[in-house]
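Visitor: predicted structure and sequence below. I'll ask about it afterward.
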Amino acid sequence: MTSLLDRPVMPDDGDITAAVAALPQVKDFLATHPGREAVRLLVDDEHGDSLTVPRSAVELLARVLAHMAAGQGVSIVPAQAELTTQQAADMLNISRPFLIGLLEQGAIDYRKVGTHRRIKAASLMAYMRADDRRRSAAAGELHALTQEMI
């Protein structure tokens, strides 16, 4: 279980404005500097400190900025984190009883710790990606049917 889900970062208007301004710069850097393993960041203050971070961290930063620019709250969950059923239901925006039904149907992998169910974040994300693909395919079919009727 992780405490990282307890309080997502909810951007205020200043955060949204800063994220909107920073996102194109970060994306541009990533596009124009492919293949770098590490990125050196300079701090714009009187000390002029620098930080060296993995490229993957900057790529993750771009995704965080995109969500913040859209005004969405952001949580970071390690892939190996184990979530409670309530945390997983909250991430899917469904009720806990509905999630338990999905678990019992085998739609999402989980394990039991005593009487409690624990869901790996990676399993939950795999389910979310598959569900997104199913929804997209269904929307495509509806669009095709609509076009046939016109």
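Guide: Here it is on my side, so go on. Note that the structure is predicted; figures quoted are calculated from it, not measured.
Visitor: quick one: contacts of the helix or strand of the chain with the lowest mean pLDDT?
Guide: Lowest mean confidence among the helices and strands of the chain (mean pLDDT, DSSP states H and E): strand 38-42, at a mean of 89. Strand 38-42 is contacted by residues 29, 33, 48, 49, 50, 51, 52, 53, 54, 55, 57, 58 when judged by C-beta atoms under 8 Å, 6 or more residues apart in numbering. In short, each C-beta sits where N, CA and C put it, glycine included.
Visitor: most neighbours, which of the residues you listed?
Guide: residue 58 (17 neighbours; other C-beta atoms under 10 Å).
Visitor: am I right that that one is in a helix?
Guide: Yes: Residue 58: assigned to a helix according to DSSP: H, G, I helix; E, B strand; the rest coil.
Visitor: got a list of what it touches?
Guide: Per C-beta under 8 Å, 6+ apart, neighbours of residue 58: 26, 29, 30, 39.
Visitor: which stretch of helix or strand covers the first one?
Guide: Secondary structure here is read from DSSP states H and E; on that basis residue 26 sits in helix 13-32.
Visitor: tell me which residues of that helix come out buried.
Guide: 15, 19, 23, 26, 30 (16 or more other C-beta atoms under 10 Å).
Visitor: next, the angle from that helix to strand 38-42.
Guide: 130 degrees (axes from the mean of the first three to the mean of the last three C-alpha atoms, to 10 degrees).
Visitor: tell me if residue 107 really is in a strand.
Guide: No: assessed with three-state DSSP, residue 107 is coil; it does not lie in a strand.
Visitor: okay, stretch 42-50 in CSV with CA atoms only?
Guide: C-alpha atoms of stretch 42-50 as CSV (Å, rounded to 0.1, in the frame of the first residue of the first chain):
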residue,chain,number,x,y,z
LEU,A,42,19.6,24.6,-14.1
VAL,A,43,17.9,26.4,-11.3
ASP,A,44,17.2,30.0,-12.1
ASP,A,45,18.1,31.7,-8.8
GLU,A,46,21.0,33.4,-7.1
HIS,A,47,22.8,30.1,-6.5
GLY,A,48,22.5,28.8,-10.1
ASP,A,49,22.5,25.2,-8.8
SER,A,50,21.9,22.3,-11.3
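Visitor: so how far is residue 55 from the spatially closest residue to residue 26 that is not a sequence neighbour?
Guide: Once flanking residues are discounted, residue 26 sits nearest to residue 62: 4.7 Å by C-beta to C-beta, 6 or more residues apart in numbering. Separation of residue 62 from residue 55 (C-beta to C-beta, to the nearest Å) stands at 11 Å.
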